[in-house]
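# Please work out how this folds:
(chains A, B, C and D)
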Number of protein chains: 2
Amino acid sequence: MRISELSRLSRVPSATIKFYLREGLLPPGQATAATQAEYGEAHLRRLRLIRALIAVRGLTVNATREVLNAVSEYETDMHQVLGLVLGARPVDKHEEPDDGPGTPDVNALVAQMGWQISEYAPARRVIAETLESLRSLGTDCTWRTLIPYAELAQQTAVLDLDQLNDADDSVTRAERAVLLTVLLEPALLALRRMAQEHESALRHGG
Amino acid sequence: MRISELSRLSRVPSATIKFYLREGLLPPGQATAATQAEYGEAHLRRLRLIRALIAVRGLTVNATREVLNAVSEYETDMHQVLGLVLGARPVDKHEEPDDGPGTPDVNALVAQMGWQISEYAPARRVIAETLESLRSLGTDCTWRTLIPYAELAQQTAVLDLDQLNDADDSVTRAERAVLLTVLLEPALLALRRMAQEHESALRHGG
DNA sequence: TATATTAGACAGTGCCAGTATCCAATTGCT
DNA sequence: AGCAATTGGATACTGGCACTGTCTAATATA
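Residues are numbered from 1 along each chain as shown, chains lettered A, B, ... in the order given. Okay, the predicted model is just below:
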């Protein structure tokens, strides 16, 4: 199909498709002439994935590109894909392992959970920053406070990986990994918020 | 203290503080003259909260203002605060209850969990959109897939509310509610990602 | 042949968070 | 009193980002 067809089917303006091509999010179509290219089903699927990551998940174009590159590069090795999607390995550049304030706390948390986590995982920094913020705001939250949350996170991860195993639909396993790790995030937060509303109503008699 | 002192203590440029004043995120100081105002400890605390919400959590200025207004308006009624923070009630305008595609699925999920959730909760829309995205991408995810996640979310919410109960530090309970519901979100996602990395390593022998 | 479509390059748009500049009023210092 | 430094407040500007519009030469289609 040509770009107008792709645009119609995906409901993404062709100007935007061109933009994604330019940005390297979407691989170029098979060029049939100087001003003509042919796009296939894979392009449509990837386009929908891009839209999901950007519009639903709110990733930046850059972040989306990195995720997509990881997916197409290591399609066969699930752990590699997950590692790259999760940002566990430095994708290209050699980022320094984080030594900012709060890292000892994160190390303690990880050790307590018995987790093996890459030094480069950006999740480490996120935890550290959150703890730092909470502390500077005067709460008594420490890494110990997070332990029960970490236990629940672990159960969630087990669910996630189970989903990956018994998957055999039209989507590749690599793409499915992306969907589960990244796209499910806002939904999980939404579930938590609803559960909070429910629990709050129970306790305060709303 | 005056603005320069506030800026020094909070490490927020005074131009930015003025911006927050303009935007109504920070209440004006006690004016002592036409070009002089006095700021107190409360301003410093709120400023840190604003920075946490915007920089750590990534909220927009508008979203931050709504959250802060909710906090200062209903400080005493915890369930009200939570409701507003969670967006459960239409803050000012009369938003229509969501009838978009996917709402039946969300209703089924909520019913299955036995939850009482406001019709206006934006979380409903988030779930619906996620399910819609996942479906259009060809996965076999349905609302039933989310049930085990919802159970874990419920346990998380119990933890959250427990935190709120035995709180008696320098932060008001209302502020603490905000911190727990909003600021903890990226940390919870980070925990999930680390747990995924760990679990993936276990299964694939990383 | 006439009209429409396309790839690709490049400039422009709209939004948003934050900065910079200016002014008149006030303060602290001498 | 006199004068540099600071402030509140208004207004204009910046930079980043995700597009979006315009143009051209080449092609497709009727």
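
# Spatially central, which residue of chain A would that be?
A:Val182 (2.8 Å; CA atoms, centre = their mean).

# From chain B, how far off is that residue?
Separation of A:Val182 from chain B (CB to the nearest CB, to the nearest Å) stands at 10 Å. In this view, the C-beta of every residue, glycine as well, is placed from N, C-alpha and C.

# Which positions within stretch A:42-61 qualify as buried?
Of all the residues in stretch A:42-61, those buried under the rule 16 or more other CB atoms under 10 Å in any protein chain shown are A:43-54, A:56-57, A:59.

# pLDDT (mean, whole number) over it?
Mean per-residue pLDDT for stretch A:42-61: 92.

# hmm, back to that, was I right to think the residue nearest to the centre of chain A contacts A:Arg57?
Yes - if you go by CB atoms under 8 Å, A:Val182 and A:Arg57 touch, sitting 5.6 Å apart.

# Could I get the CA-only coordinates of the helix or strand hosting A:Asp105 as PDB?
Using DSSP states H and E, A:Asp105 maps to helix A:103-113. Coordinates of each C-alpha in helix A:103-113 appear next as PDB, following Å, rounded to 0.1, in the frame of the first residue of the first chain:
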ATOM      1  CA  THR A 103      21.900   5.100  46.100                       C
ATOM      2  CA  PRO A 104      22.800   3.300  49.300                       C
ATOM      3  CA  ASP A 105      19.100   3.100  50.200                       C
ATOM      4  CA  VAL A 106      18.300   1.600  46.900                       C
ATOM      5  CA  ASN A 107      21.100  -0.900  47.200                       C
ATOM      6  CA  ALA A 108      19.700  -1.900  50.600                       C
ATOM      7  CA  LEU A 109      16.300  -2.300  49.200                       C
ATOM      8  CA  VAL A 110      17.500  -4.400  46.300                       C
ATOM      9  CA  ALA A 111      19.600  -6.500  48.600                       C
ATOM     10  CA  GLN A 112      16.700  -7.100  51.000                       C
ATOM     11  CA  MET A 113      14.600  -8.300  48.100                       C
END
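
# give me the element A:Asp162 is part of.
Per DSSP H and E: helix A:143-165 holds A:Asp162.

# Hey, what's the angle from that helix to helix A:103-113? Just curious.
Between helix A:143-165 and helix A:103-113, the angle comes out at 60 degrees (axes from the mean of the first three to the mean of the last three CA atoms, to 10 degrees).

# Relative to the whole chain's centre, how far out is helix A:143-165?
Mean-position distance between helix A:143-165 and its chain equals 16 Å (CA atoms, centre = their mean, to the nearest Å).

# Just list what that helix packs against, helices and strands only.
Where contact means 3 or more CB pairs under 8 Å, 6 or more residues apart in numbering or on different chains; DSSP states H and E, helix A:143-165 is packed against helix A:103-113, helix A:122-136, helix A:173-178, helix B:143-165, helix B:185-204.

# Now tabulate those in CSV and tack on distance to B:Thr172.
Output for the helices and strands packed on helix A:143-165, formatted as CSV (distance: least, CB to CB, whole Å):
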stretch, distance to B:Thr172
helix A:103-113, 25
helix A:122-136, 15
helix A:173-178, 40
helix B:143-165, 11
helix B:185-204, 20
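
# buried set for stretch A:135-149?
A:137-139, A:141, A:143, A:145-146, A:149.

# Skipping adjacent residues, who's closest to A:Ile50 in space?
Among residues not flanking A:Ile50 along the chain, A:Leu25 sits closest, at 5.3 Å (CB to CB, 6 or more residues apart in numbering or on different chains).

# so that neighbour, which of the three states?
coil (DSSP: H, G, I helix; E, B strand; the rest coil).

# So what's the residue count around it?
Number of residues near A:Leu25 (other CB atoms under 10 Å in any protein chain shown) recorded here: 22.

# Against DNA strand C, how distant is it?
From A:Leu25 across to DNA strand C, the span is 13 Å (CB to the nearest atom of the strand, to the nearest Å).

# same question, A:Arg176
29 Å.

# hmm, back to that, lowest average confidence across the helices and strands packed on helix A:143-165, which one?
helix A:173-178 (a mean of 82).

# Check whether it comes into contact with chain B.
Yes - using CB under 8 Å from any CB of the partner chain, we find that helix A:173-178 touches chain B at A:175-176.

# elements contacting that helix?
Checking 3+ CB pairs under 8 Å, 6+ apart, helix A:173-178 ends up next to helix A:41-51, helix A:61-73, helix A:78-85, helix A:143-165.

# chain center to it, what's the gap?
Relative to the chain's own centre, helix A:173-178 is displaced by 10 Å; criterion: CA atoms, centre = their mean.

# which parts of chain A sit against DNA strand C?
A:2-5, A:14, A:18, A:21-22, A:28-29, A:31, A:34-37, A:39 (CB under 7 Å from any atom of the strand).

# Only whichever of those residues are buried, select them in ChimeraX.
Typed into ChimeraX, the line below selects the buried ones among the residues of chain A next to DNA strand C, using 16+ other CB under 10 Å:
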select /A:3,21,29,37,39
